[in-house]
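Novice: Sequence and predicted structure below; questions after.
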Amino acid sequence: MLKSNHSLFRSAMVFFGLLLFAAGICTAAGPKIRFEEMSWDFGAVKEGKVLSHIFVFHNDGDAVLTIDRVRTTCGCTAALVSQKRIPSGEKGEIRIQFRTKGYSGFNKKYVFIDSNDPEQPRTTLSVTADIDIPPSPKIVLDRYNVDVGLKLNSEELMTRITVKNQGQKPLTVSFNHKTAAFYLGKKKLTDMVTIAPDHETEIDVRIPPRDYRGVLREYIMLRTNDPRTRSLSVHINAYLVSELDLKLLFQKHKDLIGKRP
């Protein structure tokens, strides 16, 4: 009986030893990527700076580690500055650049690294920065697309744009179009408009009649002193018909006019 128990004990020890050995083989087999840090905080920075940081990684596996692709979210660029194939026990580097122009406040960007690590084919890194923008104007429009609907091509095309300044300094705006005229109230604009902080201005747009029938697409260009939005456009759409077109349309559908749906 004692001999039988002793044999069972020896068999169990051998079995568990084989399991541990196999587990060790599975753990060590293949490439294994390990980064020294998974994130980096640039802290408080001024808007417009180009930030840079190098992430160092190691191949802790027993086979060659291959970096297949490195990509980032908007605002960052990433480049593999070491070789693409990292032998066992060696290390590599990835340089991250974050262009802060046009960003404000707290920002977090991600970097994605695809490799042949069987356990971790994709690694996600992150960089953060608290971006400070000095006092400046900030342009906001009430709309960027205007549909004025059905219009006679013999009539002036008119619409209105509301321009807001949500910044801390005066906003200057100029309006450009090949034929349009711009009005502030009853005054025709010949120069740029200045809008105080936390104020808005209504600009009337008048486009001369067009000898044209069908869909009309125009755009108004605005140029500003907003450091984040130096230029932008407003798209104006209309469908132009002649007086004869309108008359024929009226005659064709006159029985529908005045009827309730």
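Specialist: Cool, got the structure.
Novice: For the rest of this, base every contact and every neighbour count on C-alpha atoms.
Specialist: Noted.
Novice: Which residue would you name as the spatial centre of this protein?
Specialist: For the chain, Cys74 is the residue whose C-alpha lies nearest the centre (C-alpha atoms, centre = their mean; 5.5 Å).
Novice: these two touch, right, it and Lys108?
Specialist: No - assessed by C-alpha atoms under 8 Å, Cys74 is found out of contact with Lys108, at 10.1 Å.
Novice: hey, where'd the strands end up in the stretch 51-200 of the chain?
Specialist: For the stretch 51-200 of the chain, the strands defined by DSSP state E, counting those that start in this stretch cover 65-72, 76-80, 85-86, 91-99, 105-115, 122-132, 139-141, 145-152, 157-165, 171-176, 181-184, 187-188, 193-195, 199-207.
Novice: least reliable of those strands going by mean pLDDT?
Specialist: Lowest mean pLDDT within those: strand 76-80, a mean of 83.
Novice: Check which helices and strands that strand sits against.
Specialist: In terms of contacts (3 or more C-alpha pairs under 8 Å, 6 or more residues apart in numbering; DSSP states H and E), strand 76-80 is packed against strand 65-72, strand 91-99.
Novice: Save the strands of the stretch 51-200 of the chain as JSON lines, and put in mean neighbour count too.
Specialist: What follows is those, written out as JSON lines (neighbours: other C-alpha atoms under 10 Å):
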{"stretch": "strand 65-72", "mean neighbour count": "18"}
{"stretch": "strand 76-80", "mean neighbour count": "17"}
{"stretch": "strand 85-86", "mean neighbour count": "18"}
{"stretch": "strand 91-99", "mean neighbour count": "18"}
{"stretch": "strand 105-115", "mean neighbour count": "16"}
{"stretch": "strand 122-132", "mean neighbour count": "18"}
{"stretch": "strand 139-141", "mean neighbour count": "18"}
{"stretch": "strand 145-152", "mean neighbour count": "15"}
{"stretch": "strand 157-165", "mean neighbour count": "18"}
{"stretch": "strand 171-176", "mean neighbour count": "19"}
{"stretch": "strand 181-184", "mean neighbour count": "17"}
{"stretch": "strand 187-188", "mean neighbour count": "10"}
{"stretch": "strand 193-195", "mean neighbour count": "17"}
{"stretch": "strand 199-207", "mean neighbour count": "17"}
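Novice: quick one on the thing from earlier: so the residue nearest to the centre of the chain versus Tyr212, what's the distance?
Specialist: Relative to Tyr212, Cys74 is positioned 42 Å away (C-alpha to C-alpha, to the nearest Å).
Novice: cool, Lys46 as well?
Specialist: In terms of C-alpha to C-alpha, Lys46 sits 51 Å off from Tyr212.
Novice: mind checking pLDDT for Lys254?
Specialist: So, for Lys254, pLDDT stands at 69.
Novice: which residues touch the residue lying closest to Lys164 once chain neighbours are set aside?
Specialist: Using C-alpha to C-alpha, 6 or more residues apart in numbering and skipping the chain neighbours, the partner closest in space to Lys164 is Glu200 (4.1 Å). Glu200 sits next to 162-165 when contact means C-alpha atoms under 8 Å, 6 or more residues apart in numbering.
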